[in-house]
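Q: Sequence and predicted model, in that order:
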Amino acid sequence: MKKLKILFFVIFISVLAKAQDPHFSQFFASPLTLNPAFTGKFDGQFRLAANYRNQWPSIPNAYITESGSVDFSVFKSKLGNNVLGLGFSGLSDQSGNGALKLNYGSVSLSYHQSLDESGWNTIGAGFQGTYSSISVDQSKLTFEDQLSSTGFTTPTGEVFTNGTNKNYFDMAAGLLFSGSTDGVNNYYAGISMYHINLPNTGFYVKDSAASPGFTPTGWALPTRTTVDAGGSTPISSTLTLSGSGIFQVQNSSTETVLGGAISANVNGGSGGDDDNDKSSDVNVYLGAWVRIGDAVIPYAALEFSGLRIGASYDINTSGLKNATLGAGGMEFSLIYIQKSADSDPIPCPRF
């Protein structure tokens with residue numbers, strides 16, 4: 001039974017590998033995998049982000065995804081309220097206990113034009129170039145024709161006609177509007193597209209390009225289009241309400257995630273309303289997001305000294321919960337923003 005379960009998920013993973021990118025439930029904590037236009041769009045000198053996701057922990061190492069990024073704005077003294085952002089990011093994704101591995105590194109560039117003298121409202125565009133490597137380990141795969149009446153036979157030597165390792169260049173672009181009515185609240189909306197150049201990532205060569213999704217030399221990775229929006233506003237002297245949502249479509253797969261959180265300043269806002277340096281503030285976040293038709297995602301975070309540590313857990317609500325024994329996915333995030341005490345605060349997207 002255990003081997004049958006492994007076989008099922010190997011097949012399932014191979015289908016998803018063609019249909020959907022790795023993704024995070026805490027999408028708001030991984031800005032450069034969400035929209036290249038988020039590059040450099042934050043209140044501070046530089047931003048570090050790291051994410052870890054273990055999906056379906058009841059199945060050993062079904063999906064393990066890790067990412068990290070750093071971004072900052074450049075030429076601040078020459079651009080006034082405009083922002084030129086530069087960022088570097090990387091991601092590692094392992095599926096099927098390491099049978100399928102994806103690693104990539106990216107460089108992002110963005111520009112945000114101020115729409116008013118205060119710089120509260122901006123519109124920007126971002127671009128991202130990525131070098132990726134995807135590989136498959138045949139020794140960790142179990143194929144259907146190995147299943148016999150007496151159990152699993154030895155491998156029959158299935159051949160990946162396009163090799164077991166693929167390296168390719170990828171391109172992404174996005175747009176982002178960010179606004180505020182008072183310099184404290186913020187709202188934003190953006191759209192991005194990844195895999196614009198449809199890179200070839202297939203391990204098999206097809207004889208004909210007539211099959212949907214295939215080129216004469218393999219599988220063309222379909223574009224992923226993401227629409228994102230959100231905002232935050234204070235609701236009292238110590239409480240702030242934040243909300244966000246995304247809609248993504250890639251090939252025949254779609255995803256809609258909506259939710260929000262309330263943050264509470266637990267030390268009374270010791271930084272002071274007129275103090276630009278909020279490093280002494282301690283904030284606690286509690287909230288939840290919903291992946292429509294799939295999962296409820298409780299979220300909690302602690303923020304202090306410019307560092308926010310977040311944790312979430314996917315609670316499956318779809319029919320998949322029977323196969324995963326009710327275990328969804330544990331996820332952790334870290335975001336650190338280095339702020340300058342002598343700079344004017346700028347309202348920027350937080351969720």
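A: Cool, got the structure.

Q: From here on, just use CA atoms for contacts and neighbour counts.
A: Noted.

Q: what does stretch 81-89 rub up against?
A: For stretch 81-89, contacts defined as C-alpha atoms under 8 Å, 6 or more residues apart in numbering pick out 32, 39-41, 67-76, 105-114, 117-119, 122.

Q: Helices - which of these land there?
A: Among the contacts of stretch 81-89, the residues falling in helices (DSSP state H) are 32, 76.

Q: Out of the contacts of stretch 81-89, which end up buried?
A: 32, 39-41, 67-73, 105-114, 119, 122 (16 or more other C-alpha atoms under 10 Å).

Q: Show me these that map onto strands.
A: Within the buried ones among the contacts of stretch 81-89, residues falling in strands by DSSP state E are 67-73, 105-114, 122.

Q: which stretches of the stretch 201-350 of the chain have low pLDDT?
A: By pLDDT under 70, the weakly predicted segments of the stretch 201-350 of the chain are 203-218, 269-279, 320-327, 341-345, 350.

Q: What strand or helix carries residue 232?
A: In the assignment (DSSP states H and E), residue 232 maps to strand 224-234.

Q: could you check the angle strand 224-234 makes with the following helix or strand past that strand?
A: Per DSSP H and E, strand 224-234 leads on to strand 239-250 as the next helix or strand towards the C-terminus. Interaxial angle, strand 239-250 versus strand 224-234 (axes from the mean of the first three to the mean of the last three C-alpha atoms, to 10 degrees): 170 degrees.

Q: List the strands paired with strand 239-250, with their directions.
A: strand 224-234 (antiparallel), strand 253-265 (antiparallel) (DSSP bridges).

Q: Quick check: chain neighbours aside, which residue is closest to residue 229?
A: residue 189 (4.1 Å; C-alpha to C-alpha, 6 or more residues apart in numbering).

Q: I'd like the mean pLDDT over whichever strand or helix holds the one you found, please.
A: Secondary structure assignment for residue 189, by DSSP H and E: strand 186-194. What strand 186-194 shows for mean pLDDT is 96.

Q: just checking, what packs against that strand?
A: Judged by 3 or more C-alpha pairs under 8 Å, 6 or more residues apart in numbering; DSSP states H and E, the packing partners of strand 186-194 are strand 165-179, strand 224-234.

Q: The same query, at a cut-off of 10 Å, please.
A: helix 31-34, strand 122-136, strand 165-179, strand 224-234, strand 239-250 (3 or more C-alpha pairs under 10 Å, 6 or more residues apart in numbering; DSSP states H and E).

Q: what about residue 104, neighbour count?
A: 19 (other C-alpha atoms under 10 Å).

Q: what's near enough to touch it?
A: Residue 104 makes contact with 67, 89-93, 130-134, 167-170, according to C-alpha atoms under 10 Å, 6 or more residues apart in numbering.
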